[in-house]
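Engineer: mind looking at a prediction? Sequence and model below.
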Amino acid sequence: MILWWIGDLVLLAVVLPVVVHLLRGVLGAAKSIVPSVQEIAKAAAAGSKDLDAAALLETTQDQVTKTVAGVANYGGSLDVILDDA
Amino acid sequence: MAPVLAFAAAGAVTILAVVLIVVALVFYLVSVIAQLRKITTGLDETIASVGEIVQKSAPVNDVVTTINQQLDAGVDLLEGLLVKKAGMRDAVGLVDGLYAGAAAAGFRNFPESPTTKAPRIGEVYTRGTLTLARLGREAPIAAGNPAGPALRDVERGSLAARQLYPEIRQTKPKSLARSPVIGTDAPVQYEQREDIGAPRKRLPGRVATAGPGTASSKQPRDD
């Protein structure tokens, strides 16, 4: 009988606070992750939006190709009309 | 009766303790589950955005590589043309004149260019003159000797510049026309002017307008 009461006392005075403490720690850690994940999601969305201009690189590539071709034509003409050193 | 009540009381306390523990477990675990659901939602959004980033940035590498290759080809072309037309020394000097200190880096396709001593082209001619001299023989600086180098020799800069003008001294002739001899025994005598040494003539109008009381009439100036 006395051992049963001692068991009850241990259950209420030790086990219950320990369980509550551990569960509060897990909950606190889970809550601290949420803002970080939300910030990461915002940053990823912003990065994805910034890369919308990456499609314009195709146009840049075409312009560079045309420019270099024009420079090559001018260089060829200069090579013809100017004497070598 | 008393032992039964004692057992019942102890059992009730045990049940109460277990119930409290279960309630705490349920409360906190449900809260943790709710937080984990938020985390899952945020990670789903993140994964979607990262997927877009990967998709959008996939062709960037190839495009940038192609652009760099074409720009490299353009630079090689211009460097080769410049060295071919101006010569290594003048080409290095021209680049260094336009961009001070660039001669130290040299040209990419010419390993000897960094060690080439750059002439001070930029200190002799302006950028526009250099451009004209390089591009056409209509440029005054290059008109003197179209078959020769367009730029002047910086080490003998004054001679090269004088060659652009009519022949006088630049070819160092043996004799030049003598300077005229002046003086009373000069071989060429000019007619002597009568008014030299004589009093200056006064204008009639100035004498008429000057009154008897004026200072000019009292003390005539002989200047």
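Structural biologist: Yes, it's here. Numbering: from 1, shown residues only, chains lettered A, B, ... in the order given.
Engineer: give me the nearest residue to the most centrally placed residue in chain A, chain neighbours excluded.
Structural biologist: Within chain A, one residue has its C-alpha closest to the average C-alpha position: by C-alpha atoms, centre = their mean, that is residue A:44, at 4.8 Å. The spatial neighbour of residue A:44 that comes closest, neighbours along the chain excluded (C-beta to C-beta, 6 or more residues apart in numbering or on different chains), is residue B:49 at 3.3 Å. C-beta: built from backbone N, CA, C; applies to glycine.
Engineer: how many neighbours does the one you found have?
Structural biologist: 20 (other C-beta atoms under 10 Å in any protein chain shown).
Engineer: please identify which helix or strand holds it.
Structural biologist: With secondary structure defined by DSSP states H and E, residue B:49 is part of helix B:2-57.
Engineer: quick one: low-confidence ranges for chain B?
Structural biologist: Scanning chain B with the threshold set as pLDDT under 70 gives B:1, B:122-170, B:204-223.
Engineer: domain parsing of it, as residue ranges.
Structural biologist: Per automatic domain parsing, the structural domains of chain B span B:15-57, B:70-162.
Engineer: can you give me the helices for the chain?
Structural biologist: This is for chain A. Counting by DSSP state H, residue ranges of the helices within chain A are A:2-10, A:16-50, A:57-81.
Engineer: you answered for a different chain; I wanted chain B.
Structural biologist: With DSSP H, the ranges of helices along chain B come out as B:2-57, B:60-98, B:102-105, B:121-124, B:127-135, B:140-143, B:157-162, B:204-209, B:215-218.
Engineer: on that earlier part again, settle this for me: the residue nearest to residue A:44 is touching residue A:48, isn't it.
Structural biologist: Yes - A contact is recorded between residue B:49 and residue A:48 when judged using C-beta atoms under 8 Å, the distance being 4.6 Å.
Engineer: give me the number of residues near residue 28?
Structural biologist: Chain wasn't specified; assuming chain A. As a burial measure, residue A:28 scores 12 neighbours (other C-beta under 10 Å).
Engineer: sorry, should have said chain B
Structural biologist: Based on other C-beta under 10 Å, the number of other residues close to residue B:28 is 19.
Engineer: close enough to count as contact, it and residue A:25?
Structural biologist: No - using C-beta under 8 Å, residue B:28 and residue A:25 do not qualify as a contacting pair, with a distance of 9.5 Å.
Engineer: any idea how far residue B:196 lies from residue B:55?
Structural biologist: Shown here: residue B:196 relative to residue B:55, a distance of 100 Å by C-beta to C-beta, to the nearest Å.
Engineer: which one of these two has more residues nearby?
Structural biologist: Neighbours per residue (other C-beta under 10 Å) separate residue B:196 from residue B:55, with residue B:55 holding more: 12 against 6.
Engineer: what's the burial count for residue A:80?
Structural biologist: The criterion is other C-beta under 10 Å. On that basis, residue A:80 has 7 neighbouring residues.
Engineer: now it: how far from residue B:75?
Structural biologist: Shown here: residue A:80 relative to residue B:75, a distance of 21 Å by C-beta to C-beta.
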